[in-house]
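Asker: quick one: sequence plus predicted model below, questions after.
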Amino acid sequence: MGVLYYGSESLPIAIEDRTLAHLKVVIVTKLRRHESFAVSWRHPEGEPAGRSTIWVHPAIPLRFEFDEPVAPELNRAWLEELATSANVLGGVTLVEEHIAPAVS
C-alpha cells in the first residue's frame, strides 16, 4: 500500500501502489505545467464510508511513498483516462484500472 503525504495533513492518504504510481505521473505532469486541479476518491473498505477530495496546487508540498521498491509497468490507457479527467471541472477521479482481455 502506497502513501500520499499532502500539505500539512498529519494523516497520510493510503493508496494502492499501482494506483499511486499512475496518479503520480498525472500529478507531476500537471504540476510541471503549474496547473492546479482536484483529486477525488472513494474511501477504501475498512474506513468510514464516503469520499474525499484534495486540491492539488504547485505551492502545496506532497510526497509519494511506495511499498514496492520497483515501479510497476504503467498502463497507458489508464494514464490517459486519469489525465483526461484532470482537465475537467471535477478533476481527477480515481477509478479502477481497466485491463484489456488477453488476445488468444
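Answerer: Yes, it's here.

Asker: mind jotting down where the strands sit in the chain?
Answerer: Counting by DSSP state E, the chain has strands at residues 2-6, 13-15, 37-42, 51-56, 62-65, 92-93.

Asker: using CSV, lay out those together with distance to residue 21.
Answerer: Where you see a C-beta, it was placed from the backbone N, CA and C, and this is true even at glycine. Below are the strands of the chain laid out as CSV (distance: least, CB to CB, whole Å):
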stretch, distance to residue 21
strand 2-6, 8
strand 13-15, 9
strand 37-42, 14
strand 51-56, 16
strand 62-65, 8
strand 92-93, 14
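
Asker: closest to residue 72 out of those strands?
Answerer: strand 2-6 (10.6 Å; CB to CB).

Asker: would you mark the buried spots in that closest one?
Answerer: 2, 3, 4, 6 (16 or more other CB atoms under 10 Å).

Asker: return the most buried member of the strands of the chain.
Answerer: strand 92-93 (a mean of 21; mean count of other CB atoms under 10 Å).

Asker: what about that one, average pLDDT?
Answerer: The pLDDT scores in strand 92-93 average 87.
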